[in-house]
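Asker: Sharing a sequence plus its predicted fold:
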Amino acid sequence: MSAADLTLSGTVVRGGFTLDLGVTLRAGEIVAVLGPNGAGKTTLLRAIAGLTPLSSGRLTLGTRVLDDPGARIWRSARERSVGVVFQDYRLFPRMSLRDNVAFGPRAAGRSRRQARTIATTWLDRMALGDLADRRPKEISGGQAQRVALARALAGDPAVLLLDEPLAALDAASRAAIRADLRAHLADFAGPVALVTHDPLDALVLAHRVLVLDRGALVQEGPPVTIARRPATAWVAQLFGLNFYRGRVTGPGGLVSLEEGGLLHVRLHDDIHDGEVVVSLRPSAITVHVEPPTGASPRNVWPGVIRTLDLYADRVRLDVDGTPPARVDVTPAAVAELGLAAGTRVWLSAKATETDAYR
Amino acid sequence: MSAADLTLSGTVVRGGFTLDLGVTLRAGEIVAVLGPNGAGKTTLLRAIAGLTPLSSGRLTLGTRVLDDPGARIWRSARERSVGVVFQDYRLFPRMSLRDNVAFGPRAAGRSRRQARTIATTWLDRMALGDLADRRPKEISGGQAQRVALARALAGDPAVLLLDEPLAALDAASRAAIRADLRAHLADFAGPVALVTHDPLDALVLAHRVLVLDRGALVQEGPPVTIARRPATAWVAQLFGLNFYRGRVTGPGGLVSLEEGGLLHVRLHDDIHDGEVVVSLRPSAITVHVEPPTGASPRNVWPGVIRTLDLYADRVRLDVDGTPPARVDVTPAAVAELGLAAGTRVWLSAKATETDAYR
Amino acid sequence: MRQARDCRDVAGVPWQLGIPAAIGAGFLLLPLLALVVRAPWRSLPTHLGAPIVRDALRLSLVCASSAAAAAVVLGVPLAWVLSRPGWRGVGILRALVTVPLVLPPVVGGVALLKALGRNGILGHWLDAALGVTLPFTTAGVVVAETFVAMPFLVLAMEGAFRGIDPGLEEAATTLGASRWQIFTRVTLPSVVPGLIAGTVLAWARALGEFGATITFAGNSPGRTTTMPIAVYLAMESDPDAAVALALVLLAVAVGILIALRGRWLDTP
Amino acid sequence: MRQARDCRDVAGVPWQLGIPAAIGAGFLLLPLLALVVRAPWRSLPTHLGAPIVRDALRLSLVCASSAAAAAVVLGVPLAWVLSRPGWRGVGILRALVTVPLVLPPVVGGVALLKALGRNGILGHWLDAALGVTLPFTTAGVVVAETFVAMPFLVLAMEGAFRGIDPGLEEAATTLGASRWQIFTRVTLPSVVPGLIAGTVLAWARALGEFGATITFAGNSPGRTTTMPIAVYLAMESDPDAAVALALVLLAVAVGILIALRGRWLDTP
Amino acid sequence: SGHAASPSGSTGSSASRAPSGASSAATGTITVLAAASLQESFTTIASAFEQAHPGSKVQLSFGPSSGLAAQILGGAPGDVFASASVKTMATVLDGKAASSSTPFAVNSMEIAVPPNNPARITALADLARPTVKTSVCHDAVPCGAAATTVFANAKISVTPISEEADVKAVLTKIELGEVDAGLVYVTDVLAAGDKVGGISIPAAQNTTTTYPIASLTKAANPALAAEFVTYVLSADAQKVLRDAGFAAP
Ligand SMILES: Nc1ncnc2c1ncn2[C@@H]1O[C@H](COP(=O)(O)OP(=O)(O)OP(=O)(O)O)[C@@H](O)[C@H]1O
Ligand SMILES: Nc1ncnc2c1ncn2[C@@H]1O[C@H](COP(=O)(O)OP(=O)(O)OP(=O)(O)O)[C@@H](O)[C@H]1O
Ligand SMILES: [Mg+2]
Ligand SMILES: [Mg+2]
């Protein structure tokens, strides 16, 4: 398979839902697709795979037109050579795992022996070699997802579409398979679309991120940019950032927030006025039990701790204030400052940590 | 339903797999069940729910014996009043979402009107009110999982079993539903078992964690303890900790590691010699580009950076050394020190940060 | 249009299937075509006007529908029981239930007489205790048709019941549903296509049933003379009339099936 | 034991199903019981020894199996085509395919003669061009039995095809499988229970078929005299012998079904 | 006319027992089970009987003789049985469902050919030609037994292509031109009108089958049943049978 870019621009209708999009997935590029439940991520993959037709627009792979309802062109899923890992696995229930994985090579015309060899290799790679003769009913959920992944990869596709391929994996397999996936995808010449709910997957695996919401593209860019400068509250929450909407009201970057409160911010991109969004890392906020005096941070505001959650190596505070904020502190700090739910605190954040952009 | 403790001690055979366990889930307690794929988590829930019988041993809810093959006692799933969220959802395909959720109340003898009211309330709570009249085929994967959750809760069960109830949810819904779940579970009088692959779920939601591996209980305790002092490499990896096995070789806590290298550690629990495991937080390790001189940390060793991964607000380094280690640093540090793959570095860690235990 | 596009690749007909399907359809339709082409069209109105034909048609429809209903009421539970795994002797029971299919219909009628006739092993008692005699009554027709048609429904439904996902039934149990609730609300809705197919099978078979009916229930106009019996008798005197009557039966059956399909069979 | 425990709550039989199932089974089995109880056991060996019976039995089995095979080969593809959504006119075709069920068998035989007989619309041509005449040959018996039995298979399979999950077929397409590969490797394995049920239906129906066979293929011993025809003829002279022959047919059919069940029907 | 076969157990007593007067007091309903081939004649006879016996009603139930016999032996309610076969009647007599039977009509054989007579059949001897496809009834049924006798009488050997289960199957195949000739009853050729051609068989080679009638032991209305049997033997009814092609016993 020679590598080719995949371009989709058009609309896809599924029931009462419409996806309207223009994207290009470049050969060799791994694109993570993020978005809330029901945003249209699966629908996008279905359109690319040839399981749901475009209602208008056009889908091309290199110079090949895969779907163009206007020109009455349609290549079936079969002709597209697109490997898909389905969200609900869709393993063939009456075949052994090996035969499931051998299905693609067989369909591509390999001999039974060759296909089984390929399948065995893939299963071993997924640490499923022992279970090769089982039926899908006889394995656990995470094992099933790994088989689905092996099956899609064994078909040697030109485009790879992964619908939450790691969701059911346990943390260790997840890290291992993620690393394996990264290694394999590095060799993979065609475009890859990876739907995921885990921002880590996007950060670790993807070259580019598409954020969908309600059938539309709401943000697009390299993972780091998305993680740093989320365009919507949803993306900010995904990456664990505080996110505010506001309007530049003063010189030197004073922003009045929609939720109330003022923040001194670092203005990007020659912004001088108008609407902006502001993001602030929870770990960039400092907590004080008394009003800080003579401190350098320009943003200081009071609040009350609503909840504390202990994560592995930090404690996440949910602080009610103007504006409200999530704050990360060390367990040591909690003990030292005697923080608890209901504690009155002051928050401070440097203007340079407070990104404002459009 | 009056609240009662659930006690299982015995074996469950499923195909060629055996789960052998003794646990008690206390009324009002939320127990997270963690473990690698195929560890037996789903099998445990099935045994409690009455979908797979015990092969030996006994299962009791309060004073009621639910299963005791020796005494030929068996209460069917129906009589147990156990709410289950299945890993593969198992929504009734020919019913609307509302009817799916109303199923439990109906089965419990509510009138059609009452059952529908309950269902509507639950769907609204899960932000699915708009979709109430759809069929399961017409919703997205994450929406389906929320319906399954609503359905289990609407049945007003005495015991709640959740098999990865949040896995398919997007990050925002996940946080929201996790909070909602926490609120609801706080009111819930019976025991709750929550299978999850997300350590956050365990940390945020659970009172206690069970770690299963290959059909056996390998660790049990409060989430914080598990997170701090993992008993296996798998658990350590789950919580993002460095984990080593070794043996106390010197006085004052010198441990010689299986993978090579020596670490000065903080010995817990009056341990003075013998085999120990050592865990070390990635953020407790400091990176130097030159050998640190006159520094207080007692552990200093050289290594080479293998990979760097940017996470939201930190960079994870994978460092090859004796021992190897994962290290978290700030993006600022990476820039300042000019870290890159292949860079030769020195790692240092305070002995007080380096927990050793059995 | 969109719908058609949506399914194109999965729904397209490969030649390996299209050719045998076309041959199969042709094979089944050609004789009907021949019957229609060579039918005595001129005399048809005369035959149809006869009140005896109207009576027979009405009786046929009533009896076949009753028989199909009886087959559903008794046969669906039976099929369900047979589809459950792990029963000892279920294989033998299943094979025995198939027997009425193999039984030449006339022998089936004889068997019914020996069981439910006035001298039959159960009929004897029915007659003596309850004063119920089935032969020569419309009820007898329904009994004979049910006996012949039910096995079709049972076998079709058993296949359907075996094909369903046990996971859904498990989910229903954990929600506290009784086995009966599971059956009505989960199992049965999953096999609606099979149920429809089975019911159509049973209904159609009952509608065409002749041998067992005439032997068990006899032939008395208005009470037990169904269309197939009328066809048989017409065959004795006027084969053309027989064909005409058969065509009437067919037209009505096809009409009803098409109308029903439109109503609820294409819905799910 | 463990298996049985495993299924206990899902597999237990609620009375709402158990009672009608028992009545249904009783209703189907009672006439057979009556037939067996009142069978002329003493004269049975005499009837069975007759070579004509052995011939008829052999012919019946051969023809019914061939007819079932033909029904599978042609009927499964037809059922698959009928089960695909979105075809215009599929409802009408489906209803027409049901017609041979409703057709009284004798009329079915007449229809076959009009289509494939020496003067039939296709038979005329077959005779002239290929020198093939079907009536009065064993092939004719198979044709008649296939005509009568195939609709059962088609309807049963159509229900089964409609019940399967389209997701699996989608997955197979994305793996590059042709529609034929999808059919053989994914679709067909999913409907194995339905296929078995449908084949048994068709086989049993063909085995018991009488009216269409005698009308289309006539009765010449060793060539077209199947068991049901032998039974019918025996009925004319010696009803006891007829019952005995019918019992032989039944015993063989049940025996074969039980043996097959043991082999591959309980496996999946 | 032909040789009237006297079946065993037939004494004709029922014919002499009931007076043949139309002024009988017997009323009510009787069920007459009659061979399908008697459909037209018995329908006519029954309505004439009802007119002659005010207050009486005859329910006719036609079917294959053997099926009717099975019904009778199975306990089906019936008053009179008119069979197309002496053998079948014998099973009813053996089963004690009737005590005696009387022959009321006989039928003789005729060659039937398709209307255009493709094989140019003119006489019985033509059926022995190897190229002629002939269909007859099976030995087990009366028309088959009769055919065997006819061929024996004519001293020809015919290899039929098919031995049908009943005479209608023979007729159907002739009508559709599937066979070139067949042996059927005179009454059948008459009833089939112009759909088949008939070639009569000389009396010397021909044979007859006898149709017996009996009132049944378990008759609900034995008096009326007996009167019906008598009526069938009366001149009025015999005329109807004659018109349909039957001969007197
Ligand atoms: N067959 C269908 N008929 C009608 N609406 C549908 C159908 N399938 C999906 N939808 C709707 O289309 C929207 C997009 O669904 P899609 O499956 O693409 O979401 P998603 O982004 O993959 O979500 P998730 O993360 O939950 O899997 C949803 O609102 C869903 O309810
Ligand atoms: N029906 C079955 N027959 C045979 N073995 C089975 C069956 N179901 C599960 N197993 C095996 O039992 C083991 C435990 O399965 P289980 O489903 O309990 O795992 P799990 O901990 O839930 O895993 P996951 O996180 O992947 O869902 C697995 O190794 C699996 O392969
Ligand atoms: Mg999705
Ligand atoms: Mg599991």
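Answerer: Structure received. Ligands and ions are numbered 1, 2, ... in the order given.
Asker: Let me see the mean pLDDT of the lengthiest strand in chain E.
Answerer: If you go by DSSP state E, chain E has its longest strand at strand E:102-113. What strand E:102-113 shows for mean pLDDT is 93.
Asker: Output the helix or strand following that strand as PDB, nothing but the C-alphas.
Answerer: Toward the C-terminus, strand E:102-113 is succeeded by strand E:134-137 as the next helix or strand (DSSP states H and E). C-alpha atoms of strand E:134-137 as PDB (Å, rounded to 0.1, in the frame of the first residue of the first chain):
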ATOM      1  CA  THR E 134     -50.400 -45.600 -20.000                       C
ATOM      2  CA  SER E 135     -51.600 -44.800 -16.500                       C
ATOM      3  CA  VAL E 136     -53.900 -47.000 -14.400                       C
ATOM      4  CA  CYS E 137     -54.900 -47.200 -10.800                       C
END
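Asker: Next, the angle strand E:102-113 makes with the helix or strand following strand E:134-137.
Answerer: Remark: after strand E:134-137, the chain's next helix or strand is helix E:142-153, criterion DSSP H and E. In terms of direction (axes from the mean of the first three to the mean of the last three CA atoms, to 10 degrees), helix E:142-153 departs from strand E:102-113 by 70 degrees.
Asker: now for the longest strand of chain E, which elements pack on it?
Answerer: helix E:142-153, helix E:167-175, strand E:181-185, helix E:186-192, strand E:197-200, strand E:208-215, helix E:222-233, helix E:235-244 (3 or more CB pairs under 8 Å, 6 or more residues apart in numbering or on different chains; DSSP states H and E). In short, each C-beta sits where N, CA and C put it, glycine included.
Asker: Ok, which of these comes nearest residue B:324?
Answerer: Nearest of these to residue B:324, taken as CB to CB: helix E:167-175 at 91.8 Å.
Asker: quick one: the closest residue to residue A:283 other than its chain neighbours and residue A:287, what's the gap?
Answerer: Sequence neighbours aside, residue A:328 is the residue nearest to residue A:283 in space, at 4.3 Å (criterion: CB to CB, 6 or more residues apart in numbering or on different chains). Distance from residue A:328 to residue A:287, counting by CB to CB, to the nearest Å: 10 Å.
Asker: residues shared between the contacts of those two?
Answerer: residue A:317 (CB atoms under 8 Å, 6 or more residues apart in numbering or on different chains).
Asker: Any figure for the gap between the residue of the stretch 51-200 of chain C found nearest ligand 4 and residue B:169?
Answerer: Ligand 4 sits closest to residue C:167 of the stretch 51-200 of chain C, with a gap of 13.0 Å, by CB to the ion. Remark: distance between residue C:167 and residue B:169 (CB to CB) = 21 Å.
Asker: Of these two, which one has the most company?
Answerer: residue B:169 (23 against 14; other CB atoms under 10 Å in any protein chain shown).
Asker: May I ask you to name the longest helix in chain E?
Answerer: helix E:39-52 (DSSP state H).
Asker: just checking, what packs against that helix?
Answerer: Using 3+ CB pairs under 8 Å, 6+ apart: helix E:39-52 touches helix C:227-237, strand E:28-35, strand E:56-63, helix E:222-233, helix E:235-244.
Asker: Which residues does it contact?
Answerer: C:233, C:236-237, E:22, E:32, E:34, E:56-58, E:60, E:62, E:82, E:191, E:228, E:231-232, E:236-237, E:240-241, E:243-244, E:246.
Asker: before we move on, what about stretch A:96-105?
Answerer: A:83, A:91-92, A:95, A:112, A:114-116, A:118-120, A:122-123, A:128, A:131-136, A:139, A:147, A:150-152, A:154-156, D:172, D:175-177, D:185.
Asker: Now the closest residue to residue E:74 other than its chain neighbours: which helix or strand?
Answerer: Nearest residue to residue E:74, sequence neighbours excluded (CB to CB, 6+ apart): residue C:113, at 3.0 Å. For residue C:113, the host element (DSSP H and E) is helix C:105-116.
Asker: Could you do residue A:341 as well?
Answerer: Using DSSP H and E, no helix or strand contains residue A:341.
Asker: For it, give its distance to residue D:134.
Answerer: For residue A:341, the distance to residue D:134 - CB to CB - is 90 Å.
Asker: quick one: low-confidence ranges for the stretch 51-200 of chain A?
Answerer: Counting by pLDDT under 70, the stretch 51-200 of chain A shows low-confidence ranges at A:171-172.
Asker: Show me the strands in it, by range?
Answerer: A:56-61, A:64-68, A:73-74, A:82-85, A:159-163, A:192-195 (DSSP state E, counting those that start in this stretch).
Asker: which of those is buried the deepest?
Answerer: Counting by mean count of other CB atoms under 10 Å in any protein chain shown, strand A:82-85 has the highest mean neighbour count of the strands of the stretch 51-200 of chain A, with a mean of 28.
Asker: Now do the buried residues in the longest helix of chain E.
Answerer: Neighbour counts over helix E:39-52 (16 or more other CB atoms under 10 Å in any protein chain shown) mark E:39, E:40, E:41, E:42, E:43, E:44, E:45, E:46, E:48, E:49, E:52 as buried.
Asker: Just give me how far that helix sits from the chain centre.
Answerer: Helix E:39-52 sits 16 Å away from the centroid of its parent chain (CA atoms, centre = their mean, to the nearest Å).
Asker: Pull the residues that contact the helix or strand containing residue A:263.
Answerer: Using DSSP H and E, residue A:263 sits in strand A:262-264. For strand A:262-264, contacts defined as CB under 8 Å, 6+ apart pick out A:244, A:246, A:249, A:252-257, A:278, A:280, A:298-299, A:323, A:349, A:351, A:354.
Asker: centre of the chain versus the helix or strand that that strand is followed by, how much separation?
Answerer: For strand A:262-264, the succeeding helix or strand toward the C-terminus, using DSSP H and E, is strand A:266-267. Here strand A:266-267 is found 27 Å from its chain centre; the criterion is CA atoms, centre = their mean.
Asker: Give me the helices and strands touching strand A:266-267, please.
Answerer: For strand A:266-267, where contacts count as 3+ CB pairs under 8 Å, 6+ apart, the packed elements are strand A:355-357.
Asker: Please list the residues outside the strand it packs on that contact it.
Answerer: A:228-229, A:246, A:248, A:253, A:255, A:265-269, A:271, A:276-280.
Asker: same question for that strand, mean pLDDT?
Answerer: Here the average pLDDT along strand A:355-357 is 85.
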